[in-house]
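Peer 1: quick one, structure for this:
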Amino acid sequence: MKISNETKVGALTAIAITLLILGFNFLKGKSFLKTGYFFYAKYPDAKNLMVSNPVFINGYRIGNVFEIENEDNLKNIIVTIKLNKMYQVPNNSTAFVKENPLNTSSIEINLGDSKTMLNNGDTINTINSESLLGSITNQLSPLSDQLKNTLTSLNAVLKDVSSIFDPSTKNNLQQIITNVQKTTENLQNTSIRLEALLDKENGSITQSLNNVNSFTKNLSDNNEKINATLSNIQTTSEKLSKADIEGAVAELKKAATELNSTIAKINSSQGSLGLLVNDKTLYNNLNNTVRSANILMDDLRTHPKRYVHISVFGRKDKTAPLTEPIDSIKH
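Peer 2: Numbers count the residues shown, from 1 in each chain. Sure, this is the predicted structure:
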């Protein structure tokens, strides 16, 4: 029997379509023959989960979503998870849908600590994770309430400020602004003066520093003389420390005591010096003796012939002797 060309083209087209469907499903991770290892998870909200979406444990992909079915009139969604191989997953592990606004959703499995493992075809525990947008909304809700309260308070403050700004207050504010401008000008003048003081060549501070440098240079140049002077002072202080100052003071005290004793004896008219100082009779006698000696000398000078006679032809001077000094007679 001869097959027509139209039949051949139709058969090839059907085979091509079948292979295309099978290849597409295979690339999506779904096969018509349900073979392999499967877990089941039940969610109230699938959160846009699609067939062939990945399944992860600790960031490692262990499989993908094989099938999504509804149960009890869409009250629960049953998700079939196909594993790449049978992994050791504790039976108290939990699976949740992780949404990603920039990528496809996925299922994350948190491993439990049970010693009993899940078997092929078991249902894993699930938790309903909060979506990223919902989490952000929940976090922003308290902030929104606070922002409303802040705006209300700010509105009240602005009303108070507008009520405060009467004409007199505005004038006071203008005066304050004027004073601030004057203060700013004074600060500018002060900064100019400070710049003049800090000038590297002619500033007062620079000159003072130059004087200090000159003084320190002189000290450095005369360092040997200063050391010699300090050495002499140290030597003198050592000699003074070794000198018998206490002995010298004791000798001075002893000499002062003896001097006081001598002065006391003089004042008490004891001894020749004491009598000489205190006895008026001795003073008068000495005074008369000196007066007589003066009279004798004056008479000898005035009448020498009375005491020494040398003349051969002359005669002896027989005038009366002097009884007072010549100075007393003249006066």
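
Peer 1: quick one: pLDDT of residue 89?
Peer 2: Model confidence at residue 89, given as pLDDT, is 93.

Peer 1: so how far is residue 37 from the closest residue in space to it that isn't next to it in sequence?
Peer 2: Using C-beta to C-beta, 6 or more residues apart in numbering and skipping the chain neighbours, the partner closest in space to residue 89 is residue 118 (4.8 Å). Placement of C-beta: from N, CA and C, glycine included. Using C-beta to C-beta, to the nearest Å, one gets 10 Å for the distance from residue 118 to residue 37.

Peer 1: settle it for me: which of these two has more neighbours?
Peer 2: More neighbours surround residue 118 than the other of residue 118 and residue 37, with 22 against 17 (other C-beta atoms under 10 Å).

Peer 1: quick one: list the elements packing against the lengthiest strand in the chain.
Peer 2: What stands out as the longest strand in the chain, according to DSSP state E, is strand 60-71. The contact analysis (3 or more C-beta pairs under 8 Å, 6 or more residues apart in numbering; DSSP states H and E) places strand 60-71 against strand 37-43, strand 54-57, strand 76-83.

Peer 1: now do it against strand 37-43, angle only.
Peer 2: Using axes from the mean of the first three to the mean of the last three C-alpha atoms, to 10 degrees, the direction of strand 60-71 lies 60 degrees away from that of strand 37-43.

Peer 1: for residue 287, which of the helices and strands packed on strand 60-71 is the nearest?
Peer 2: Residue 287 sits nearest to strand 54-57 of all these, at 145.5 Å, using C-beta to C-beta.

Peer 1: show me how far that closest one is from its chain's centre.
Peer 2: When C-alpha coordinates are averaged (C-alpha atoms, centre = their mean, to the nearest Å), strand 54-57 and its chain have centres 55 Å apart.

Peer 1: quick one on the thing from earlier: is it true that the residue nearest to residue 89 touches residue 41?
Peer 2: No - the pair formed by residue 118 and residue 41 falls short of the contact definition of C-beta atoms under 8 Å, at 11.2 Å.

Peer 1: overlap in contacts of these two?
Peer 2: Taking C-beta atoms under 8 Å, 6 or more residues apart in numbering as the criterion, residue 118 and residue 41 both touch residue 124.

Peer 1: just the helices in the stretch 101-250 of the chain please.
Peer 2: 132-164, 167-197, 204-221, 223-242, 245-267 (DSSP state H, counting those that start in this stretch).

Peer 1: please save the CA atoms from the third one in CSV.
Peer 2: Extracted C-alpha coordinates of helix 204-221, given in CSV (Å, rounded to 0.1, in the frame of the first residue of the first chain):
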residue,chain,number,x,y,z
SER,A,204,54.4,89.8,67.2
ILE,A,205,54.2,86.1,68.0
THR,A,206,56.9,85.4,65.4
GLN,A,207,59.2,88.1,66.9
SER,A,208,58.6,86.7,70.4
LEU,A,209,59.5,83.2,69.1
ASN,A,210,62.6,84.7,67.5
ASN,A,211,63.5,86.3,70.9
VAL,A,212,63.0,83.0,72.6
ASN,A,213,65.1,81.2,70.0
SER,A,214,67.9,83.9,70.5
PHE,A,215,67.7,83.5,74.3
THR,A,216,67.9,79.7,74.0
LYS,A,217,70.8,80.0,71.5
ASN,A,218,72.7,82.3,74.0
LEU,A,219,72.0,79.7,76.7
SER,A,220,73.4,77.0,74.4
ASP,A,221,76.5,79.1,73.5
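
Peer 1: right, and the helices of the stretch 101-250 of the chain - which one's nearest residue 93?
Peer 2: Among these, the nearest to residue 93 by C-beta to C-beta is helix 132-164 (22.8 Å).

Peer 1: next, count neighbours for residue 63.
Peer 2: 22.

Peer 1: make JSON lines out of the helices and strands packed on strand 60-71 and add mean pLDDT and distance to residue 245.
Peer 2: Listed next are those as JSON lines, based on pLDDT from 0 to 100; distance: least, C-beta to C-beta, whole Å:
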{"stretch": "strand 37-43", "mean pLDDT": "92", "distance to residue 245": "110"}
{"stretch": "strand 54-57", "mean pLDDT": "94", "distance to residue 245": "100"}
{"stretch": "strand 76-83", "mean pLDDT": "90", "distance to residue 245": "110"}
